[in-house]
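Asks: take this sequence and fold it.
(one chain, ligands or ions: 1)
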Amino acid sequence: TRSGPGPPSTVLVTGGAGFIGSHACVELLDHGYELIVVDDYSHSTPEVLTRVERIAGRFVGAVYELDVRDRRSLSAVFDRHAVDAVVHFAAHKAVGASMRRPAEYYDTNVGGTTSLLGTMHEHGVHRLVFSSSCALYGEAGPGPLDESTPARPTNPYAASKWLCEQILADICRRCPECTVLSLRYFNPAGAHPSGLLGEDPRGEPDNLMPYVAQVAAGRRKLLRVFGGDWPTRDGTAVRDYLHVMDTVEAHRTALDHLVDGPGMRVFNLGVGRGSSVLDVVAAYRHAAGREVPYEIVARRPGDVAELVADASAVERAWGWRPTRDLADMCRDSWRFQQLNPQGYAGSARRPNGRR
Ligand code: WQD
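Replies: Residues are numbered from 1 along each chain as shown. The predicted structure follows:
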């Protein structure tokens, strides 16, 4: 089922029940796209898509529980639906975990991407928006870093994203009709303003903001700050936090620009300002009106001191720029935390009203 030359209307979203994927589903539904969602629910739950439907006020679309590495199941989805473009979120993304389980990260992140690419090409689908990461820049800081910064990944997660980009670039060089837009996220954070969607990792959060949220809520005793001796303003690591709603608006904009022509284009997504771990703690304490006790401990293996974006290229090319700041991220994250004290656990309804 070949995709027409015009802008996409039916989009397959892998990892659509995940943190960024679910917020992207809301954004695309709000803008009239028809969606097909695949997710293995390894880091999410069907309840997330039920929330997506509640926010969007319409069915999320066809939903398939599958692992993107399962070629047969994925191919059956492409047999059933005329897919115009794919947005590929499905991946594991924890720096620390990737140091402990490198083979699993390469299998899921690289194997999942090559399985998807093979299936897409079998079905004549050649347009992809790819979820990449600033982590591939490694120790390149302090920045701001633009897209020409050499990739020096310092952990298997970052290396898996860099490998995917190299595979995608080579395929685009050999396939005249292929279009790939690779979006290198800095640090997405926050939640949908309704408080119905947010970041709800399984078990102990790897990422900073969901951990801070759980400490502010009293779900966890204190935050461990990984390193107080980094070469930064206050000694704690600096990142470029980007509201998840800004992040997904950039994905919708990317879909509009698939028609710009074949080839691979890479863009940083960030706000261009760094916030240290202690900056985030202070901002969250202000947004929640709660204490956030912490202790400074040893650095986390695989971490770097600073990653801040030069995201001017995407603004020049597409006119996209983020509009929300750290205070918005903390306020929206806190609202989700308060409305969902135990995350999505509990109301496990399936999407489309199915139980
Ligand atoms: C941020 C800072 C930690 C937890 C991200 C994410 C993911 C992916 C790759 C796009 C770091 C510190 C954290 C904690 C802490 N991006 N921290 N205590 O490491 O920048 O990696 O980039 O897909 O978004 O993996 O994000 O949130 O894990 O950490 O001190 O309990 O907070 O050391 O400096 P990171 P993070």
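Asks: around the ligand, pick out the residues from this structure.
Replies: 93-95, 133, 135, 185, 187, 206-208, 211, 223-226, 237, 239, 277, 300, 303 (Cβ under 6 Å from any ligand atom). In this view, the C-beta of every residue, glycine as well, is placed from N, C-alpha and C.
Asks: cross those against helices and list the overlap.
Replies: 95, 208, 211, 277 (DSSP state H).
Asks: skipping adjacent residues, who's closest to the last one in space?
Replies: Distances taken as Cβ to Cβ, 6 or more residues apart in numbering place T236 nearest to V277, at 3.9 Å, with adjacent residues excluded.
Asks: right, and the one you found touches R224 too?
Replies: No: using Cβ atoms under 8 Å, T236 is not in contact with R224, being 11.4 Å away.
Asks: so between those two, which is more surrounded?
Replies: T236 (22 against 15; other Cβ atoms under 10 Å).
Asks: coming back round to it: top of the ones in helices among the residues of the chain next to the ligand by neighbour count?
Replies: Busiest of those [other Cβ under 10 Å] is V277, holding 25 neighbours.
Asks: ok, that one - contacts?
Replies: V277 is in contact with 208, 225-226, 236-237, counting by Cβ atoms under 8 Å, 6 or more residues apart in numbering.
Asks: before we move on, back to that, filter the residues of the chain next to the ligand down to the buried ones, PyMOL style.
Replies: Only the buried entries of those go into this PyMOL selection, using 16 or more other Cβ atoms under 10 Å:
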select buried, resi 93+94+95+133+135+185+187+206+207+208+211+223+225+226+237+239+277+303
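Asks: in strands, which of the residues of the chain next to the ligand appear?
Replies: If you go by DSSP state E, the residues of the chain next to the ligand have 133, 185, 187, 223-226, 239 in strands.
Asks: so which pair among these is furthest apart in space?
Replies: With Cβ to Cβ as the measure, no two of these lie farther apart than Y185 and R224, at 23.6 Å.
Asks: kindly export the lowest-mean-pLDDT helix or strand in the chain (C-alpha atoms) in PDB.
Replies: In the chain, no helix or strand scores lower on mean pLDDT, DSSP states H and E than helix 95-100, which sits at a mean of 90. The C-alpha coordinates for helix 95-100 follow below in PDB (Å, rounded to 0.1, in the frame of the first residue of the first chain):
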ATOM      1  CA  VAL A  95      21.100   6.100  30.200                       C
ATOM      2  CA  GLY A  96      21.800   4.200  33.400                       C
ATOM      3  CA  ALA A  97      19.900   1.100  32.400                       C
ATOM      4  CA  SER A  98      21.700   1.000  29.100                       C
ATOM      5  CA  MET A  99      25.100   0.800  30.900                       C
ATOM      6  CA  ARG A 100      23.800  -2.300  32.700                       C
END
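Asks: quick one: buried residues of stretch 295-314?
Replies: So stretch 295-314, judged by 16+ other Cβ under 10 Å, has buried residues 302-311, 313-314.
Asks: likewise stretch 56-72?
Replies: Those buried within stretch 56-72 under the rule 16+ other Cβ under 10 Å are 56, 59-64, 66-69.
Asks: now, which of those lie within helices?
Replies: Taking DSSP H, the ones among the buried residues of stretch 56-72 that sit in helices are A56.
Asks: following the host helix or strand of A282, which helix or strand comes up?
Replies: Taking DSSP states H and E as the definition, A282 sits inside helix 277-288. Sequence order places strand 294-297 as the next helix or strand after helix 277-288, per DSSP H and E.
Asks: and that next one, which strands flank it?
Replies: Strand pairing for strand 294-297, determined by DSSP bridges: strand 223-226 (parallel).
Asks: just the CA trace of the strand it pairs with, in CSV.
Replies: Output in CSV follows, covering the C-alpha atoms of strand 223-226 (Å, rounded to 0.1, in the frame of the first residue of the first chain):
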residue,chain,number,x,y,z
LEU,A,223,16.3,12.7,45.5
ARG,A,224,19.8,11.5,44.9
VAL,A,225,21.7,14.2,43.0
PHE,A,226,24.2,12.4,40.8
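Asks: list the contacts of it.
Replies: So strand 223-226 is contacted by 211-212, 215, 236-237, 277-278, 281, 292-300, 303 (Cβ under 8 Å, 6+ apart).
Asks: just checking, what packs against the lengthiest helix in the chain?
Replies: Ranked by residue count and defined by DSSP H, the top helix of the chain is helix 156-174. Judged by 3 or more Cβ pairs under 8 Å, 6 or more residues apart in numbering; DSSP states H and E, helix 156-174 is in contact with helix 95-100, helix 102-105, helix 112-122, strand 127-133, strand 179-185, strand 263-269.
Asks: closest to V77 out of the ones you listed?
Replies: helix 112-122 (8.4 Å).
Asks: flag every buried residue along that closest one.
Replies: 112-117, 119-120.
Asks: could you do stretch 161-179 as well?
Replies: Neighbour-count burial for stretch 161-179 [16+ other Cβ under 10 Å]: 161-165, 168, 171-172, 178-179.
Asks: follow-up on the earlier one: ok, the buried residues of stretch 295-314 vs V87, which is closest?
Replies: Nearest to V87 among these: V314, at 16.0 Å, using Cβ to Cβ.
Asks: quick one: contacts for that closest one?
Replies: Counting by Cβ under 8 Å, 6+ apart, the residues that V314 touches are 250, 267-269, 320-321.
Asks: ditto for G195
Replies: Neighbours of G195 in contact, by Cβ under 8 Å, 6+ apart: 332, 335-336, 338-340.
Asks: any of those residues buried? List them.
Replies: Members of the contacts of G195 classed as buried by 16+ other Cβ under 10 Å are 332, 335-336, 340.
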